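Enquirer: Have a look at this prediction, sequence included:
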Amino acid sequence: MAETVVPVTHEPTPEETHLRHHFATPEQQMDAATLGMWTFLITEVLFFGGMFAGYAVYRGMYPDAFASTSRYMNLVLGGTNTAVLICSSLTMALSVRAAQLSKRRDLILFLILTMIFGTIFLVIKGFEYHDKWVEQLVPGFNFRYDEAIQYAHNAQILFFLYFAMTGMHALHMVVGLGLLTFLLVQANRRVFHANYFAPVEMIGLYWHFVDIVWIFLFPLLYLIGQNR
Amino acid sequence: MTAHIPKVRPLVLVWASLIVLTGITSAVSKIDLGEWNVVVALIIAVTKASLVAWIFMGVRYTTTLTKLFVVAGLVWLGIMLLITASDYKSRNWTYQGQPWSQTKTVGGSH
């Protein structure tokens, strides 16, 4: 497959590549950073995996109660948020590309777009939480389930998982927005160029990972039970 | 320094595929397929996640060692899910009433 390679006009200096003395080459340094980031992301996979395992266990125990909750999930808002996050992943990937090509203006533009999509996601999520509060579906605070009272007890488990999982996901989004702000400041200071873009790429990996978590949350929390 | 720089076209294609798959999974969820609704939803989710990881996250272009780490992480996730599932599935099993059991059947066997 054809690969685009940065045209190297001169041999980059260690200062340009931010090469630390314990690495032999910038490539080795980049490989180490990528491996380290993936190691962190695997711990995140297992962290979220624990909650998904809890979801699977309780769904297996109370399938009817869990399915009964699907009518309280807002498919339009959930679907919109899925699309918004997918768009943010595209702009994040384009940010990394812009950094690799030393296109500072593009990098800043795509970082801002990514942050706008991330913010839209959180605002929509906030409206959904508000709706859940108004509909009295927050376990431990105001849970009522009068329309299907026989499921009230077990449906609470689903709503607890809903708030725990989407809340933890939203927290990751907030952290991601903080990291993107850091990148934006650095990009504005002309820190990134074809010979140094590791932070953009690593934070990009994190952002895509958070997108993947949502890719699983959306069908499991919103879609399952819609067929009833 | 040389690095793999993704072309715009594949990135946009992956984005379009993810949007289309989101539409498909939403539409299919309204059709009653019984237990298969879960299976279809998960297959589509895994496909979407793989696209993100393979192209957006560039697993395709990483070193073999990184690929190995990614696979190892998924194997560990699989172990967690499998052992959790087998635990909960088998908790109320009993040896009573089984052909190899010395004990007389007391109550139902499940």
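Expert: Sure thing, it's come through. Numbers count the residues shown, from 1 in each chain, chains lettered A, B, ... in the order given.
Enquirer: Show me how the record splits chain B into domains.
Expert: Following automatic domain parsing, one gets these domains for chain B: B:1-57, B:63-91.
Enquirer: Mean pLDDT for those - can I get that in CSV?
Expert: Below are those laid out as CSV (pLDDT from 0 to 100):
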stretch, mean pLDDT
domain B:1-57, 93
domain B:63-91, 95
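Enquirer: which one of these is the most hemmed in?
Expert: domain B:1-57 (a mean of 17; mean count of other C-beta atoms under 10 Å in any protein chain shown). In short, each C-beta sits where N, CA and C put it, glycine included.
Enquirer: and of the domains of chain B, who's closest to A:Ala93?
Expert: For A:Ala93, the closest of the domains of chain B is domain B:1-57, at 4.9 Å, according to C-beta to C-beta.
Enquirer: check whether that closest one contacts chain A.
Expert: Yes: under the criterion of C-beta under 8 Å from any C-beta of the partner chain, chain A is reached by domain B:1-57 at B:1-8, B:11-12, B:14-15, B:18-19, B:22, B:25-26, B:29-33, B:37-38, B:41-42, B:44-45, B:48-49, B:52-53, B:55-57.
Enquirer: in which helix or strand would I find the residue nearest the centre of chain B?
Expert: The residue lying closest to the centre of chain B (C-alpha atoms, centre = their mean) is B:Val46, at 5.7 Å. Using DSSP states H and E, B:Val46 maps to helix B:36-51.
Enquirer: same deal with B:Ala72?
Expert: Using DSSP H and E, B:Ala72 falls in helix B:64-90.
Enquirer: Which secondary structure elements does that helix sit against?
Expert: Contacts defined by 3 or more C-beta pairs under 8 Å, 6 or more residues apart in numbering or on different chains; DSSP states H and E place helix B:64-90 against helix A:26-61.
Enquirer: can you list contacts of the next helix or strand after the helix it packs on?
Expert: The helix or strand immediately downstream of helix A:26-61 is helix A:63-68, counting by DSSP H and E. Applying C-beta atoms under 8 Å, 6 or more residues apart in numbering or on different chains, the set of residues contacting helix A:63-68 from outside is A:58-59, A:148, A:151, A:153-155, A:157-158, A:224-225, A:228.
Enquirer: Quickly note the distance from whichever residue of chain A sits closest to chain B to B:Ile83.
Expert: Chain A approaches chain B most closely through A:Ile42 (3.3 Å), counting by C-beta to the nearest C-beta. Separation of A:Ile42 from B:Ile83 (C-beta to C-beta, to the nearest Å): 18 Å.
Enquirer: Kindly report the same for B:Phe69.
Expert: In this view, B:Phe69 and B:Ile83 are 21 Å apart by C-beta to C-beta.
Enquirer: got it, and A:Pro14?
Expert: Using C-beta to C-beta, A:Pro14 is found at 48 Å from B:Ile83.
Enquirer: Equivalent analysis for A:Phe182, please.
Expert: Counting by C-beta to C-beta, the gap from A:Phe182 to B:Ile83 is 39 Å.
Enquirer: go on, B:Ser50?
Expert: Taking C-beta to C-beta, one finds B:Ser50 at 24 Å from B:Ile83.
Enquirer: Report the secondary structure element holding the closest residue to A:Val96 other than its chain neighbours.
Expert: Closest residue to A:Val96 apart from its sequence neighbours, by C-beta to C-beta, 6 or more residues apart in numbering or on different chains: A:Gly204 at 4.7 Å. Here A:Gly204 sits within helix A:198-217, counting by DSSP H and E.
Enquirer: Output that helix as CSV, nothing but the C-alphas.
Expert: The C-alpha coordinates for helix A:198-217 follow below in CSV (Å, rounded to 0.1, in the frame of the first residue of the first chain):
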residue,chain,number,x,y,z
ALA,A,198,3.6,12.4,19.7
PRO,A,199,1.3,14.1,22.2
VAL,A,200,-1.3,14.7,19.4
GLU,A,201,-1.2,11.1,18.4
MET,A,202,-1.3,9.7,22.0
ILE,A,203,-4.2,11.9,23.0
GLY,A,204,-5.8,11.0,19.7
LEU,A,205,-5.6,7.3,20.8
TYR,A,206,-7.3,8.2,24.1
TRP,A,207,-10.1,10.1,22.3
HIS,A,208,-10.7,7.2,19.9
PHE,A,209,-10.8,4.8,22.8
VAL,A,210,-13.5,6.9,24.5
ASP,A,211,-15.4,6.7,21.2
ILE,A,212,-15.2,2.9,21.2
VAL,A,213,-16.6,2.7,24.8
TRP,A,214,-19.7,4.7,23.5
ILE,A,215,-19.9,2.4,20.5
PHE,A,216,-20.7,-0.4,22.9
LEU,A,217,-22.8,1.7,25.4
